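In: quick one, what's the 3D model for this:
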Amino acid sequence: MAPQRPAPDPVRTARRQALSVGVATALYGVSLGALAVANGLSVLQACATSLLLFSGGSQFALVGVLGGGGSVPAAVAASSLLGVRNALYGLQVAGFLDVRGARRLLAAHWTIDESTAVGVAQPTVAARRTGFWVTGATVFVGWNLTTLVGALLGDALGDPRRYGLDAAAAAAFLALLWPRLRRGEAAAVALAAGLVALVLVPVVPVGIPVVAAAAVALLAGLRRPRGAAGRGEAA
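Out: Numbers count the residues shown, from 1 in each chain. Have a look, this model is predicted:
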């Protein structure tokens, strides 16, 4: 009988997933930088959105409204609406991060789609923390650097979507979530969230479908029995 292979280390697996998702997502910052400059922002302003706002969907909403001739209040409103989902994510990650002081501020700033997705996908508390922090750090550093690159190159890049950077980020998410979608409960939640977003897209302002879909997933998570959520976890 062949010797059994040791079970993979959850923390190492979380770190590997965090780096792959973080790098794929950060590359798309080139598109944000180029689009921001093309829509009238300066290089400094484009970089400031990544450093201070640091939420891709909110940044693209801000730049898109300004580029389409919208007012600054309208751009801020659209950006803020999309940012609401990060507050919902905070409720999900607060339980396993358990941070205090300055680290709590950093955790709040790094609570984005990617860090939340990688964090909650892990089987243990230690792996969840690793997934969250490594993803957050990787995306933050990479996103700011690629935003600068995109803003400096500007029109020389052409349409950044032709390089497939948007598809790379989506593919990284799909690879991360696919194993979880094989379970009936997770697949049902994903389907419900997707249907809610699909129904709302034609009839509500930009940003609300994303927030509504996030709320569906959050409510489903909060309804789970505590024993089910913590089963099999080890600090």
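
In: number of residues surrounding residue 202?
Out: By other CB atoms under 10 Å, 7 other residues sit near residue 202. Any C-beta I mention is one placed from the backbone N, CA and C, and that applies to glycine too.

In: same deal with residue 98?
Out: Residue 98, neighbours per other CB under 10 Å, totals 13.

In: residues contacting it?
Out: Contact analysis of residue 98 by CB atoms under 8 Å, 6 or more residues apart in numbering lists nothing.

In: phi and psi next, for it.
Out: phi 50, psi 60 (degrees, to the nearest 10).

In: now do it against residue 125, distance only.
Out: 9 Å (CB to CB, to the nearest Å).

In: got it, and residue 116?
Out: Residue 116 sits 15 Å away from residue 125, taking CB to CB as the criterion.

In: then residue 13?
Out: 14 Å.

In: same question for residue 137.
Out: From residue 137 across to residue 125, the span is 19 Å (CB to CB).

In: repeat that for residue 15.
Out: Counting by CB to CB - residue 15 and residue 125 are separated by 15 Å.

In: run through the chain and note the low-pLDDT ranges.
Out: Across the chain, the ranges flagged by pLDDT under 70 are 1-6, 155-183, 205-207, 210-211, 214, 218, 221-235.

In: ok, now which ones touch the spatially most central residue of it?
Out: Among the residues of the chain, the smallest C-alpha distance to the mean C-alpha position (CA atoms, centre = their mean) belongs to residue 113, namely 1.9 Å. Residue 113 is in contact with 56-57, 85, 89, 173, counting by CB under 8 Å, 6+ apart.

In: can you put those in TSV and add secondary structure, distance to residue 27 and neighbour count?
Out: Formatted as TSV, the contacts of residue 113 follow (DSSP: H, G, I helix; E, B strand; the rest coil; distance: CB to CB, whole Å; neighbours: other CB atoms under 10 Å):
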residue	secondary structure	distance to residue 27	neighbour count
56	helix	12	24
57	helix	16	19
85	helix	22	25
89	helix	22	20
173	helix	14	17
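
In: of those, closest to residue 75?
Out: residue 57 (13.3 Å; CB to CB).

In: the closest one reaches residue 82, doesn't it?
Out: Yes. Taking contacts as CB atoms under 8 Å, residue 57 lies within contact range of residue 82: 4.5 Å.

In: next SSE downstream of the helix or strand harbouring residue 115?
Out: Under the criterion of DSSP states H and E, residue 115 resides in helix 113-120. Downstream of helix 113-120, the next assigned helix or strand under DSSP H and E is helix 125-153.

In: list the buried ones in that following helix?
Out: Within helix 125-153, the residues that qualify as buried by neighbour count (16 or more other CB atoms under 10 Å) are 125-140, 142-148, 150-151.

In: do stretch 8-22 as well
Out: Residues of stretch 8-22 classed as buried under the neighbour-count rule (16+ other CB under 10 Å) are 10-11, 13-15, 17-18, 20-22.

In: so residue 69: helix, strand or coil?
Out: For residue 69, the assignment made with DSSP: H, G, I helix; E, B strand; the rest coil gives coil.

In: what's the local residue count around it?
Out: For residue 69, using other CB under 10 Å, the count is 9.

In: contacting residues around it?
Out: By CB under 8 Å, 6+ apart, residue 69 has no neighbours at all.

In: quick check: what element follows the one helix or strand residue 32 maps to along the chain?
Out: When elements are assigned from DSSP H and E, residue 32 belongs to helix 29-38. Using DSSP H and E, the helix or strand that follows helix 29-38 towards the C-terminus is helix 43-48.

In: report the distance from that next one to the chain centre.
Out: Its chain's average C-alpha position is 21 Å from that of helix 43-48, according to CA atoms, centre = their mean, to the nearest Å.
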